[in-house]
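A.B. asks: have a look at this prediction, sequence included:
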Amino acid sequence: SQASSDSGNDFLENQSIEGDTLNEHLIWQLQNSQFSDVDRIIAIAIIDAISDDGYLTESVEEIFDSLKDELDIEMDEVEAVLHRVQRFDPVGIAARDLRECLLLQLEPFDPKTPGLADVKNIIQHHLDLLGAHDYARLQKKTRRNEEQLHDLILFIQALNPKPGASISKNNAQYVIPDIFVRKVNGHWHVSLNPEASPNIRINSVYESHLKNAGRGKDTSYLRNSLQEARWFLKSLQSRSDTLQRVGDAIVRRQRLFLDYGDEGMKPMVLRDIAEELEMHESTISRVTTNKFMHTPRGVFEFKFFFSSHVGTADGGECSATAIRSMVKKLIESENPKKPMSDNKISSLLVKEGINVARRTVAKYRESMLIPPSNERKRLA
């Protein structure tokens, strides 16, 4: 009953209150929206892939790949749910690149808004010129005079390139890691952070009184409430035990990442950990959401360690995270005057034994908000 539940809470003394994160803000909107059960699972996967700045960090294909074994869905269903999530607050959320982010922020405007069509045209087709401050060419492309172009640029500058940051900055300034990972005598050691656990205990005064209390309706009611409190504490302990086991399993599989960085990341999906620990995938997903691991390489959300894979020439697998790192490294080392095309990057990776298509390179590049080679050349 409600009364019993409230009384159970009286036995618990909680000294920890957490604010909303961007993830929680989006989940709250999801819970208050009409989604089918399947679409809700897809939406959660999309929300989990949104960065603090509000961008989608995984492609629709990667999200589909992570769900297709669990759900009987098509790729366009993931795309459709993404479009619905993109209507959530803050406006511009879940975009795949800056262009899409800004265009999403224009959707609520009245179509008759002065300058709206020109602003859309600049964002859609000439964002590279705007980024390079090439206003002379921008005037020619838009056929607008200097004063008109100035007004259009002010319009665009009023949009938010990092829509998630407003929420993340206000409510998630500090991350308290749930787990610490340290290297001790050449071996990686995983331990729970006692500061991250809710500081909850049973009120000893109530408990002591009940031991000496007689029988009666009120005493029976309080004893039931005490039992509820004990069960609640037991469930918290079980949650901590599961968190420890999942942390251990992740670290065992991702030792190379801890030793060598992104390129050492191994392909790993929720099912791998679920099968190893003999738990359901949904349990692993729940445990790894908004949980953080402090390592010598930085603080990472558990979800960071899960990554889709690409086949290698020797029949092995390479994680999407490792490939992103390789793509980024190749672009950083390129000649700025002769930037490499996605096709060239794909060819170089194939020579390294990693079978990745040009379009896949393009998706990884876009997920890191790196412009294509022709735009990189203009910006050089």
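C.D. replies: Nice, thanks for sending it over.

A.B. asks: need the contact list for Gly261.
C.D. replies: Arg297, Ser325 (CB atoms under 8 Å, 6 or more residues apart in numbering). Every C-beta, even on glycine, is put in place using the N, C-alpha and C of the backbone.

A.B. asks: could you rerun that using 7 Å?
C.D. replies: Each residue near Gly261 by CB atoms under 7 Å, 6 or more residues apart in numbering is listed here: Arg297.

A.B. asks: phi, psi for Phe109 please.
C.D. replies: phi -70, psi 150 (degrees, to the nearest 10).

A.B. asks: so what does the residue nearest the centre of the chain look like in phi/psi?
C.D. replies: Among the residues of the chain, the one closest to the centroid is Ala49, at 3.4 Å (CA atoms, centre = their mean). The phi/psi pair for Ala49 (degrees, to the nearest 10) reads phi -100, psi 10.

A.B. asks: wait, what's in contact with it?
C.D. replies: Here Ala49 is in contact with Leu56, Thr57, Glu58, Ile63 (criterion: CB under 7 Å, 6+ apart).

A.B. asks: okay, it: pLDDT?
C.D. replies: With respect to pLDDT, Ala49 has a value of 91.

A.B. asks: ok, and the closest non-adjacent residue to it?
C.D. replies: Distances taken as CB to CB, 6 or more residues apart in numbering place Glu58 nearest to Ala49, at 4.2 Å, with adjacent residues excluded.

A.B. asks: just confirm His189 is within a strand.
C.D. replies: Yes - counting by DSSP: H, G, I helix; E, B strand; the rest coil, His189 falls inside a strand.

A.B. asks: any idea how far it is from Val251?
C.D. replies: As judged by CB to CB, to the nearest Å, His189 and Val251 stand 9 Å apart.

A.B. asks: tell me the domain boundaries of this protein?
C.D. replies: Annotated domains of the chain cover 98-162, 179-305, 309-379 [automatic domain parsing].

A.B. asks: mind telling me which of those domains the model trusts least?
C.D. replies: Among those, domain 309-379 has the lowest mean pLDDT, at a mean of 81.

A.B. asks: how far away from the center of its chain is that domain?
C.D. replies: Computed by CA atoms, centre = their mean, to the nearest Å, the chain-centroid distance of domain 309-379 equals 22 Å.

A.B. asks: and for Ala43, the neighbour number?
C.D. replies: 24 (other CB atoms under 10 Å).

A.B. asks: helix, strand, or coil at it?
C.D. replies: Secondary structure state of Ala43, per three-state DSSP, is helix.

A.B. asks: pLDDT at it, what is it?
C.D. replies: The predicted local confidence for Ala43 is 93.

A.B. asks: where's it relative to Gln31, distance?
C.D. replies: For Ala43, the distance to Gln31 - CB to CB - is 10 Å.

A.B. asks: specify which member of the contacts of Ala49 is nearest to Ser325.
C.D. replies: Using CB to CB, Thr57 comes nearest to Ser325 of these, at 13.6 Å.

A.B. asks: and that closest one, how far from Lys303?
C.D. replies: 10 Å.

A.B. asks: more neighbours: which of the two?
C.D. replies: Shown here are Thr57 and Lys303; by other CB under 10 Å, Lys303 has more neighbours (19 against 16).

A.B. asks: which residues touch the more buried one?
C.D. replies: By CB under 7 Å, 6+ apart, the residues touching Lys303 are Asp48, Thr288, Thr289.

A.B. asks: okay, and which of these map to strands?
C.D. replies: Members of the contacts of Lys303 lying in strands (criterion: DSSP state E): none.

A.B. asks: could you identify which of these has the most neighbours?
C.D. replies: Ranked by the number of neighbours (other CB under 10 Å), the contacts of Lys303 place Thr288 first, at 23 neighbours.

A.B. asks: can you classify Ser149 as helix, strand or coil?
C.D. replies: Residue 149: Leu, not Ser. Secondary structure for Leu149, judged by three-state DSSP, is helix.

A.B. asks: that one reaches Tyr135, doesn't it?
C.D. replies: Yes - the pair Leu149 / Tyr135 is scored as a contact, 6.4 Å apart, by CB atoms under 7 Å.

A.B. asks: what about these two, which has more around it?
C.D. replies: More neighbours surround Leu149 than the other of Leu149 and Tyr135, with 20 against 14 (other CB under 10 Å).

A.B. asks: buried residues in the helix ranked longest in the chain?
C.D. replies: Using DSSP state H, we find that the single longest helix of the chain is helix 217-253. Buried residues in helix 217-253, counted by 16 or more other CB atoms under 10 Å: 222, 225-226, 228-229, 232-233, 240, 242-243, 245-251, 253.

A.B. asks: so which elements touch it?
C.D. replies: Here helix 217-253 touches helix 2-10, strand 179-184, strand 187-192, helix 204-212, helix 270-277, helix 281-288, going by 3 or more CB pairs under 7 Å, 6 or more residues apart in numbering; DSSP states H and E.
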